[in-house]
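*Asks:* Using only what follows, build the 3D model:
(chains A, B, C and D, ligands or ions: 2)
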Amino acid sequence: MNTLPGPSERLVVLGVAESDSHAVANHLITMQLQDHGFTVINLGVCTPLSDFADAADRYPQAEAVLIGTLNGHAHQDLKALPELRAAGRLNCPVVVGGNLSVGSHKSDADRQRLYDLGVDHLLSDAGELVLLLDQLHALRATMVAELQNG
Amino acid sequence: MNTLPGPSERLVVLGVAESDSHAVANHLITMQLQDHGFTVINLGVCTPLSDFADAADRYPQAEAVLIGTLNGHAHQDLKALPELRAAGRLNCPVVVGGNLSVGSHKSDADRQRLYDLGVDHLLSDAGELVLLLDQLHALRATMVAELQNG
Amino acid sequence: MAELNGLELDPQIAADLPGWSDILAYLTEPRRPFVVNVLRAADAAGRPAVQPRCGVGGHEPMLALLRALEPAGPDILSVTIDSHTRLRNFATARDLMRDSPADLNGYPLIAHGWQRGRELGEAVAVPLEVRHGSPDGRDLFAVTLAAGITSFEGGGIGYNLPYSKNVPLAHSLRAWQQVDALCGTLAASGLVIDRELFGTLTAVLVPPSVSLAMTLLEGVAAAREGVSCLSIAYPQGGEVHQDVAALRSVRTLARRYLGTAVEVYPVLHEFMGVFPATPEFAALLILHGGLTARLGGATKVINKTVQEAYGIPDAEANAHGLRTAALGASHLLDFVRIDEDRAAEEQHWIEREVAEIIEPVLATGDLFDSIDSAFRAGRLDIPFSASIHARSQVIPRRDRTGAVRYGDSGDLPFSGAVLRRQADLLREPPGTRPRTRIEAATADIHYFLDKESASLPDRSRYAPSSPSPDRGSE
Amino acid sequence: MAELNGLELDPQIAADLPGWSDILAYLTEPRRPFVVNVLRAADAAGRPAVQPRCGVGGHEPMLALLRALEPAGPDILSVTIDSHTRLRNFATARDLMRDSPADLNGYPLIAHGWQRGRELGEAVAVPLEVRHGSPDGRDLFAVTLAAGITSFEGGGIGYNLPYSKNVPLAHSLRAWQQVDALCGTLAASGLVIDRELFGTLTAVLVPPSVSLAMTLLEGVAAAREGVSCLSIAYPQGGEVHQDVAALRSVRTLARRYLGTAVEVYPVLHEFMGVFPATPEFAALLILHGGLTARLGGATKVINKTVQEAYGIPDAEANAHGLRTAALGASHLLDFVRIDEDRAAEEQHWIEREVAEIIEPVLATGDLFDSIDSAFRAGRLDIPFSASIHARSQVIPRRDRTGAVRYGDSGDLPFSGAVLRRQADLLREPPGTRPRTRIEAATADIHYFLDKESASLPDRSRYAPSSPSPDRGSE
Ligand code: B12
Ligand code: B12
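*Replies:* Residues are numbered from 1 along each chain as shown, chains lettered A, B, ... in the order given. Ligands and ions are numbered 1, 2, ... in the order given. Model prediction:
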């Protein structure tokens, strides 16, 4: 089969980082993704990275794990990512969005150290999320097709 | 005689620089010096430096020539000072006060180039004026006394 | 469990504390500044006290921050606590304090310890308040007291639902009951600790009657334990008549439900929603908050800063915000009148809505059980809850004046009159294009961003000089 | 003397000008923006247009300044002229333009020439106004017209007495008569040049009726020459009811004395006295000016900046001031009401005082002679005159509300009723310590500095980050 799965089959895992209780964007993103036909496994606020990994294990069809982090603690809250990946977990794309470091003067280093942990995509506006998910989805479909054909 | 002259005998020449029409400080300084017993020869606003020299010639007893300059044009408006001094004029202390250069970011160079023209004292607050005049006055009295005694 | 005068504590933390008599001795030193005195003076003068939020990870930087802010004239200074400490991840806070304190979004007071806490208080002349967001703040309170800090924010509802995912209300209410009880003991011996209640909740589009209902229930609980000084905070929503009415309601409702044994001070948290990014517009909103505080008779206002949209502010921006809020709250704007009839009408309805929400809760048996079961049933509720223990069936909406209304009041036990008025206020003029729930929510949440673009022409070409918004750096 | 359509000019300057038909052709190009259209639109919308002062010596820096300010959303931009050009020291202006343009406090338009003037207009989309302070502005007006600039500030009284020492009024009035006559000719052929009258005068403590009396006399003279668009500027004194009343009086008095053939637009110059030095306080005053403009129904407001106390502002501070004034004048502060009864009472008295000052002047023979002899006799007068041709027997004082009153009205022909009211308003409560004339004048002049120290606690410890006040650098 070469066709993309229907929208109702699309699923993502969403949540807010471990030390962070900012809930509003989480509520809105859930609505937005649902309106776009996604099934959203919403783990809510204050979610340790290991809980994200558990959810990803439970839903292997998840297209991505989406982690919001507003309070500036992104780096600390995602610190376990290399360890979990080394253990073969959280292998789907990890997309992180929000306000990514403490303070009003941001630097590229703040973003780089998140990439260094293994975060796949950094977004600062959830408005870009559906577009990114669609791109990732198309990419996966192409790869699957290549694997099947190759 | 070693005693200072009485206050009523004290006289200054006051005015505002050539291109400058700011009048309020000029009105206030006149009142202030009069209240302190000075005779004020007030040349008013927009007064070319040569007019100050003329007044100084006319009032050789003047303790100082006081020039206000608010509009930022101090340097240009006082440019003739070296020339006049070279011609043996304006030999009493020249005191300049106000806002001494164009713009909101002042530098020491703005002040230095006024000293370089020969300005004797720069004040930014007319409140310091009477004190300065008294100091100059005392100094002159000492020098006169020394000349007489020496 | 260890214990400090009725406060159950983590044994390790308790072990590090000084003795109770040492704590009392330090608190009673004559030069110890008490927040309650500042509040009394501000209230008497009719000029709101101004207080910034502030907290950084390192101890020296924290001392420097307090010292940098003091000349800007705060009446009270804050020790804002980092998120790990709030959530009792004390070990994480301690590790970060050691390895990269700048990565902390607040001051880890427990990790630094009460001795350093005393140094903070001694560094400045004005009194301090500990501001946090801990569903269970008992250990933090013990260290706060030991540090000689005389004001402590929080309550069993307002520091639970916005600040954690899954702490049962029964747990947080009992934790805060212990805090309040200890304040009661201290008050009985003449040491008045100010307890501020966080009516701001989830901050974004909080209907005034939801905010007031929660703080009044917490207030009843606190008063029962003998707390004698309560600061009741309300978050500025942005529509001045509504905000003024809400602040004025704090006093009438407190008299009605808390009696006269407790001193109650209304506090305004300057606009707590999504903040505009242009410095001039942000400054106007900060000034506007100060003005709102004064018009509403607030005793205190917590200022925002022009860096709110960007991240935790630096000291300079915070000092600027503080001064701007103070100017808004000063006599300079004495000439400003508002439509008092409109404010009075708002106040009437706010008081009525609060009564309809809390009176059934106060009427039945045990207060904590009653609160707990009301939340389960949705008879108490908050919008955009962080916690799974509130249903968030309440959906707020701004009306055309910008006032925050109930688009859906869920299972709040409102009378027909209240429900009809809310529906009327939100009725769109005929021919209005219907909006999706996300469009409506986003527009209401971005209210001041939209006003900002409308009022500052060509804002798109605006680029802030040094800090740039995170969204700009993408 | 050379001549341009009735305007007598310096022959050298005239020689450099393009022909009259070229000037007309350039002005009538369809894309030429006219200030009058901006004023009409602002008036219709009920939102004051906002305009900064701006002028630097070099041409490229001037282009850069205009381009830097445009994104901040001005409705009109200024070409502020340097002092040498104002006083017709064209040679000095030219030398400085060549050798050290940064030493000029404005743009020397005559030295740069009309071609560069056109480049300024073409660099931005909004129309320009030439703002100066020339007792005799004829040559500057010729270059302004040739540059295609459609608004020109000044008048025979307001651009003489504050701006020079010894230019006879007879001279300046006749110079401006020629400017007005040419505007009349242009208006007759459909090209409406906005003429702004500088009611700000000496800016410091100007009683509203003095300001209005002068601009109305100039307005009568201008209307007689056929000028069809007049902007009548009034300087914000700082007491809102008085300022609002003065702005509203512009419209009623203009109808009474100028008839309906002239379009008249009230303009507020944001506080023109000694400006506070703390950025937050300065910003509040700038916002307050925008609000005053809107409440008073001004068509335009000229903004100040947080660098006013320090020196000519940089582009960033000017853009900030512009945005802040615009926010003050925007719908955001719609909720603000003032005591309308108080404003109406002020307006009644301002109108009466103006009538008492100008009606005798308008009643007798030749207007210019009449103005001239009234100034000689002190029946017309301004405080703190720069010129020897006004007596400055008028001594202004602030009353306890901050409104500007007549401490001494000299020989202004006021009725007993007006004099009694002024005396009553200034009567000190019994037991007040009498002040010397300097103490009183200084306190009134430093009104906002004193409020600044009172409202921002511990201002003594305030140190501005980069620009520092000149008085601080001593
Ligand atoms: C409302 C609010 C609160 C409320 C939150 C209520 C709740 N439970 O939700 C309260 C008052 C409780 C609160 C508390 C705190 N807050 Co807060 N808060 C805000 C505020 C004002 C608005 C946030 C918001 O709701 N925005 C609305 C949503 C829709 O927008 P958003 O969150 O920005 O999300 C957008 C993007 O970030 C992105 N996005 C967000 N999540 C995700 C996820 C994914 C996967 C993607 C792709 C994108 C994405 O897309 C969204 C839409 O564009 C902001 C400042 C501001 N922006 O004005 C501060 C702010 C986020 N808070 C901040 C902080 C620090 C805290 C505290 C730690 C207290 C403190 N030390 O000051 C605590 C948090 C405690 C904890 N354990 O985390 C800081 C973060 C600072 C930093 N990074 O340097 C901010 C920026 C304020 C500031 N300037 O200091 N806060
Ligand atoms: C009122 C005012 C005017 C009035 C003046 C009316 C009049 N004829 O007097 C009007 C509106 C007409 C005006 C015009 C202009 N002004 Co003006 N004006 C001011 C303002 C607002 C207050 C000045 C004032 O009267 N202060 C009250 C007196 C009591 O204080 P003071 O003048 O500062 O004087 C104190 C000290 O400076 C000092 N001092 C002053 N004189 C002297 C003399 C001596 C001997 C001593 C010892 C001390 C001393 O002591 C005084 C008491 O402490 C200032 C800004 C401000 N400070 O808020 C701008 C300001 C001085 N003006 C300024 C300018 C540039 C002009 C113009 C050139 C227009 C322009 N390009 O913007 C024209 C001047 C035209 C010309 N030919 O000079 C600039 C100067 C900028 C700079 N240096 O970089 C200022 C700072 C405004 C600004 N930020 O741009 N102005």
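*Asks:* Output stretch C:88-102 in PDB, but only the C-alpha positions, please.
*Replies:* Extracted C-alpha coordinates of stretch C:88-102, given in PDB (Å, rounded to 0.1, in the frame of the first residue of the first chain):
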ATOM      1  CA  ARG C  88       9.600  19.400  46.000                       C
ATOM      2  CA  ASN C  89      12.300  18.200  43.700                       C
ATOM      3  CA  PHE C  90      14.800  19.500  46.200                       C
ATOM      4  CA  ALA C  91      17.600  17.400  45.000                       C
ATOM      5  CA  THR C  92      17.400  18.800  41.400                       C
ATOM      6  CA  ALA C  93      17.300  22.300  42.800                       C
ATOM      7  CA  ARG C  94      20.300  21.700  44.900                       C
ATOM      8  CA  ASP C  95      22.300  20.100  42.000                       C
ATOM      9  CA  LEU C  96      21.500  23.000  39.700                       C
ATOM     10  CA  MET C  97      22.300  25.500  42.400                       C
ATOM     11  CA  ARG C  98      25.700  24.000  42.600                       C
ATOM     12  CA  ASP C  99      26.400  23.400  38.900                       C
ATOM     13  CA  SER C 100      24.500  26.000  36.900                       C
ATOM     14  CA  PRO C 101      22.500  28.400  39.100                       C
ATOM     15  CA  ALA C 102      21.600  30.600  36.100                       C
END
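*Asks:* all helices of chain A, in order?
*Replies:* A:24-35, A:49-58, A:74-77, A:81-86, A:108-117, A:129-149 (DSSP state H).
*Asks:* Which other helices and strands does the third one contact?
*Replies:* Think helix A:74-77. Helix A:74-77 sits against helix A:108-117, with contacts defined as 3 or more Cβ pairs under 8 Å, 6 or more residues apart in numbering or on different chains; DSSP states H and E. (C-beta placed from N, C-alpha, C; glycine too.)
*Asks:* Report all helices and strands that the helix it packs on contacts.
*Replies:* Helices and strands touching helix A:108-117, by 3+ Cβ pairs under 8 Å, 6+ apart, are helix A:74-77, strand A:121-123.
*Asks:* Tell me if the last one is near chain C.
*Replies:* Same thing as strand A:121-123. Yes. Applying Cβ under 8 Å from any Cβ of the partner chain, one finds strand A:121-123 in contact with chain C at A:L123.
*Asks:* Most proximal residue of chain A with respect to chain B?
*Replies:* A:H105 (23.0 Å; Cβ to the nearest Cβ).
*Asks:* and that residue, what pLDDT?
*Replies:* Looking at A:H105, its pLDDT stands at 94.
*Asks:* and what of C:E428?
*Replies:* Looking at C:E428, its pLDDT reads 90.
*Asks:* circling back: possible to save the helices and strands packed on helix A:108-117 as TSV with distance to C:L332, mean pLDDT and mean neighbour count?
*Replies:* Conversion of those to TSV gives the following (distance: least, Cβ to Cβ, whole Å; pLDDT from 0 to 100; neighbours: other Cβ atoms under 10 Å in any protein chain shown):
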stretch	distance to C:L332	mean pLDDT	mean neighbour count
helix A:74-77	42	98	25
strand A:121-123	43	96	18
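*Asks:* For D:H320, find the nearest of those.
*Replies:* Smallest distance to D:H320 across those (Cβ to Cβ): 31.5 Å, for strand A:121-123.
*Asks:* Packing partners of the closest one?
*Replies:* In this structure, strand A:121-123 makes packing contacts with strand A:94-98, helix A:108-117, helix A:129-149, judged by 3+ Cβ pairs under 8 Å, 6+ apart.
*Asks:* quick one: it near ligand 1?
*Replies:* Yes. Counting by Cβ under 6 Å from any ligand atom, ligand 1 is contacted by strand A:121-123 at A:L123.
*Asks:* what's next to that strand, contact-wise?
*Replies:* With contacts defined as Cβ atoms under 8 Å, 6 or more residues apart in numbering or on different chains, strand A:121-123 is touched by A:93-97, A:100, A:111, A:114-115, A:129, A:132, C:474.
*Asks:* What subset of the residues you listed is buried?
*Replies:* With burial judged by 16 or more other Cβ atoms under 10 Å in any protein chain shown, the buried subset of these is A:93-97, A:100, A:111, A:114, A:129, A:132.
*Asks:* Dump those to TSV, plus distance to D:A441 and pLDDT.
*Replies:* Listed next are the buried ones among the contacts of strand A:121-123 as TSV, based on distance: Cβ to Cβ, whole Å; pLDDT from 0 to 100:
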residue	distance to D:A441	pLDDT
A:P93	73	97
A:V94	70	98
A:V95	67	98
A:V96	64	98
A:G97	61	97
A:L100	57	95
A:R111	59	96
A:L114	63	97
A:L129	65	95
A:L132	68	95
